[in-house]
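Undergrad: My questions are about this predicted structure, shown below with the sequence.
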Amino acid sequence: MLRQFWEGGPRRDPNTIAYVVLLVAAIFFPILVNVITGGNSSAIMTIAADAGVYVLLAIGLNVVVGFAGLLDLGYAAFFAIGAYTYAFLASDHMRVTPLGEPIHISFWIVLLIAMFVAASFGVILGAPTLRLRGDYLAIVTLGFGEIVPRVFRNASSWTSGVNGISALDIPSLPLWLQGPWSGDAFAFVTDFKVISSLAYYVIMVILVIICVILVRNLHRSRLGRAWMAVREDEVAAAAMGVNTVAVKLLAFSIGAAFSGFAGTYYAGKLSLVSPENFGFSVSITILVMVVLGGMGNIPGVITGALLIYYVIFVLLQQLPEYAVNFVSSIGLSGLVRSSGDYPGIAEFISRLKFLVFGLILVIVMLVRPQGLLPSRQREQELHKGVHDEPVIEDVTAETT
Amino acid sequence: MALLEISKIDVFYGRVQALRGVTLSVDAGEIVALIGSNGAGKTTTLRTISGLMHPTTGTISFDGRQLQQTKAHEVVRVGICQSPEGRRLFPRMTVFDNLMMGTYARKDLSRLQDDIANVYSLFPRLKERTKQLAGTLSGGEQQMLAIGRALMAHPKLLMLDEPSLGLAPILVETIFRVCTDINAQGMPILLVEQNASKALEIAHRAYVLETGSIVQTGTGKELLSSPDVQRAYLGM
């Protein structure tokens, strides 16, 4: 209201269009896939639901990196904590641990528990380290990201070590409306086991929508303004009355909570957790999604997550196949077979996969350094060129 | 009892002593200037009052409270706000958003409209640039915004650190004129300046700081005519 008065007219949220487009796409995607594949949509819907895990992770990391400006290189650690929380609390596994009794808690309750567990670990890691800045914080989070999967691997009496924990409970819904979309007649079923990939997709879309609403409200709240101020200038933020340590800690633990949330979904859907799934490359992939999509802008990081997921898990996997088809169609089928040191086109391209990925990243960042859908601030900054004031650093700035 | 009373504070950067037994006070409605050369401890004094640093000995009392160990974000809530050294704006936030950040610590947000109108009438240039990013403003405009942002906090005491630093002479005039205007609205100001002649002209009282100690004090007029001050700081 005040802003309208001084800026002359209401400010349109440029993200409204992006949200509508994303929502419409999410609704029509399964229908479209069903038509194109002629009813065999299950494989693609599985991939789409998995992509949603990365969307959740990117939304959560965006709170830490995009809103509060804290570089977190160990974000996958909280993802692992969320996944293992589900594995411990919703499988027979506890029978073979020193506890001796299996625990079976509903998926939906574990989702909430995992959020709190991951957020607590966020606080435990954050409290002693958030006094550090920039590069130093990044190194500490990097270490945490390495330690957590190692703990899960080595504490084998509790976690089964490298084998991981399998046969986790299948999430179930207390009530579900059956219909033609699953090939049945209309009917309400109770205690519905979530098995079909479409059901996972629907759950994922709903979870993403809930998270987007939460994060969007956080961003517009007093806390959101405090994050922005801390990101811009910590000393100035403190001078305005922002409790910088508390505000950074909140960013860290809220980001961790989303990761724990995503971890539980991931474990529930895969029905398996293994320490190998939460390495450094996962943390980096999520960071790339956030930066490339547009740091600080929610539709941006969603788009970034979907795009990067598509490139890594679909495009690059199918690249060798495309290459074989391509050389065959232009009459160079001799390239398909291996000869001598040459391994054949499929293997050759497969070895180049990550070079191609790297090139795509470099090109996107050169063409759109602000990200695909940048936040208003970053866009203006790159267009108009904000000059940072030369700030006189002093001894105390590092410790306050 | 004065609004702000600092009594015999010692402040250290690591093992280096920056302030030695500094004692000063600011009364309601006053402009008090703190002058001195580079490294005399002027900014350290402000940083200590605002809680960014803490004295090893001595007391700071403000409005009946002891502040010597209070954290920076709590000092703002008690009613001391400053336009910090180097201005320290939020460069990628708009002028309006910077002003609104000034209200972060306020509990009573009922008169926001009037407060913004007041800042914009003190600095009409800011009104023209309300949607512009703070980092794209000129030096003078940034200083205006830094003062405006501090005013938005509704402080009981306004502290200004080197408001004239690096500004063109005409803007220096503007900034000092606005300081007197703000003071005329009843706001006490603690002003740290290297531009001693300008600061002493508008100050009711002033302190001279040299290598961490107060060496002279008096009314602005007295110090302007003091031979020591004239020689050391006014180049006469």
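TA: Everything's here; your move.
Undergrad: Please enumerate the strands of the stretch 201-350 of chain A.
TA: A:272-273 (DSSP state E, counting those that start in this stretch).
Undergrad: Check chain B too.
TA: B:4-13, B:16-26, B:31-35, B:57-62, B:65-66, B:80-83, B:157-161, B:189-193, B:205-210, B:213-219 (DSSP state E).
Undergrad: can you list the residues that contact stretch A:331-340?
TA: A:324, A:327, A:328, A:344, A:345, A:346, A:347 (Cβ atoms under 8 Å, 6 or more residues apart in numbering or on different chains). Glycine gets a C-beta too; all of them are placed from N, C-alpha and C.
Undergrad: One more: stretch B:109-129?
TA: So stretch B:109-129 is contacted by A:2, A:5-6, B:95, B:99, B:103, B:130, B:137, B:140-141, B:144-145, B:147-148, B:151-152, B:154, B:178, B:181-182 (Cβ under 8 Å, 6+ apart).
Undergrad: List only buried entries from those.
TA: A:6, B:95, B:99, B:103, B:130, B:137, B:140-141, B:144-145, B:147-148, B:151-152, B:154, B:178, B:182 (16 or more other Cβ atoms under 10 Å in any protein chain shown).
Undergrad: List the contacts of stretch A:133-140.
TA: Residues contacting stretch A:133-140 (Cβ under 8 Å, 6+ apart): A:70, A:71, A:72, A:73, A:125, A:129, A:130, A:132, A:234, A:398.
Undergrad: Equivalent analysis for stretch A:95-112, please.
TA: A:85-86, A:88-94, A:113, A:157-158, A:160, A:169, A:171-172, A:261, A:264-265, A:268.
Undergrad: just checking, which of those residues belong to helices?
TA: A:85, A:86, A:88, A:89, A:113, A:157, A:158, A:261, A:264, A:265, A:268 (DSSP state H).
Undergrad: Just the closest residue of chain B to chain A, please.
TA: residue B:105 (2.7 Å; Cβ to the nearest Cβ).
Undergrad: re the thing from before, out of the contacts of stretch A:133-140, who has the most neighbours?
TA: Counting neighbours by other Cβ atoms under 10 Å in any protein chain shown, residue A:72 leads these with 33 neighbours.
Undergrad: give me every residue that touches the closest residue to chain B within the stretch 151-300 of chain A.
TA: Per Cβ to the nearest Cβ, residue A:241 is where the stretch 151-300 of chain A lies closest to chain B, at 2.7 Å. Taking Cβ under 8 Å, 6+ apart, we find residue A:241 in contact with B:73, B:74, B:76, B:77, B:104, B:105, B:153.
Undergrad: Among these, which ones are in helices?
TA: Using DSSP H, the contacts of residue A:241 in helices are B:73, B:74, B:76, B:77.
Undergrad: and these as JSON lines, adding neighbour count, distance to chain A and pLDDT?
TA: As requested, these are exported to JSON lines (neighbours: other Cβ atoms under 10 Å in any protein chain shown; distance: Cβ to the nearest Cβ, whole Å; pLDDT from 0 to 100):
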{"residue": "B:73", "neighbour count": "23", "distance to chain A": "5", "pLDDT": "90"}
{"residue": "B:74", "neighbour count": "14", "distance to chain A": "8", "pLDDT": "92"}
{"residue": "B:76", "neighbour count": "26", "distance to chain A": "3", "pLDDT": "92"}
{"residue": "B:77", "neighbour count": "16", "distance to chain A": "6", "pLDDT": "91"}
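Undergrad: Show me which of those is closest to residue B:54.
TA: Lowest distance from residue B:54 to those (Cβ to Cβ) belongs to residue B:74, with 12.3 Å.
Undergrad: Skipping adjacent residues, who's closest to that closest one in space?
TA: residue B:51 (6.8 Å; Cβ to Cβ, 6 or more residues apart in numbering or on different chains).
Undergrad: what bits of chain B have low per-residue confidence?
TA: Within chain B, the ranges that satisfy pLDDT under 70 run B:236.
Undergrad: for it, longest helix please?
TA: Per DSSP H, chain B has its longest helix at helix B:169-184.
Undergrad: Could you confirm whether that helix reaches chain A?
TA: No: judged by Cβ under 8 Å from any Cβ of the partner chain, helix B:169-184 stays clear of chain A, getting no closer than 15.7 Å.
Undergrad: name the helices or strands packed onto that helix?
TA: strand B:31-35, helix B:112-122, helix B:139-152, strand B:189-193, helix B:196-202 (3 or more Cβ pairs under 8 Å, 6 or more residues apart in numbering or on different chains; DSSP states H and E).
Undergrad: buried stuff in the last one?
TA: It refers to helix B:196-202. B:196, B:198, B:199, B:200, B:202.
Undergrad: So what touches that helix?
TA: B:31, B:33, B:35, B:164, B:172, B:176, B:179-180, B:183, B:191, B:193, B:206, B:220-221, B:223-224, B:229, B:233-234.
Undergrad: One more: the first one?
TA: Under the criterion Cβ under 8 Å, 6+ apart, residues B:24-26, B:42, B:45-46, B:179-180, B:183, B:188-194, B:196, B:199-200, B:202-209, B:220, B:223, B:229, B:233 lie in contact with strand B:31-35.
Undergrad: Buried ones among these?
TA: B:24-26, B:42, B:45-46, B:179, B:183, B:188-194, B:196, B:199-200, B:202-209, B:220, B:223, B:229, B:233.
Undergrad: contacting residues around residue A:243?
TA: Counting by Cβ under 8 Å, 6+ apart, the residues that residue A:243 touches are B:71, B:73.
Undergrad: swap in the one 5 residues further on?
TA: Residues counted as contacts of residue A:248 (Cβ under 8 Å, 6+ apart) are A:68, A:70, A:126, A:130, A:230.
Undergrad: cool, residue A:365 as well?
TA: Counting by Cβ under 8 Å, 6+ apart, residue A:365 has contacts A:291, A:292.
Undergrad: Quick one: low-confidence residue ranges for the stretch 51-200 of chain A.
TA: A:180-183.
Undergrad: From what I see, residue A:290 and residue A:67 are in contact.
TA: No: the pair residue A:290 / residue A:67 is not scored as a contact, 10.6 Å apart, by Cβ atoms under 8 Å.
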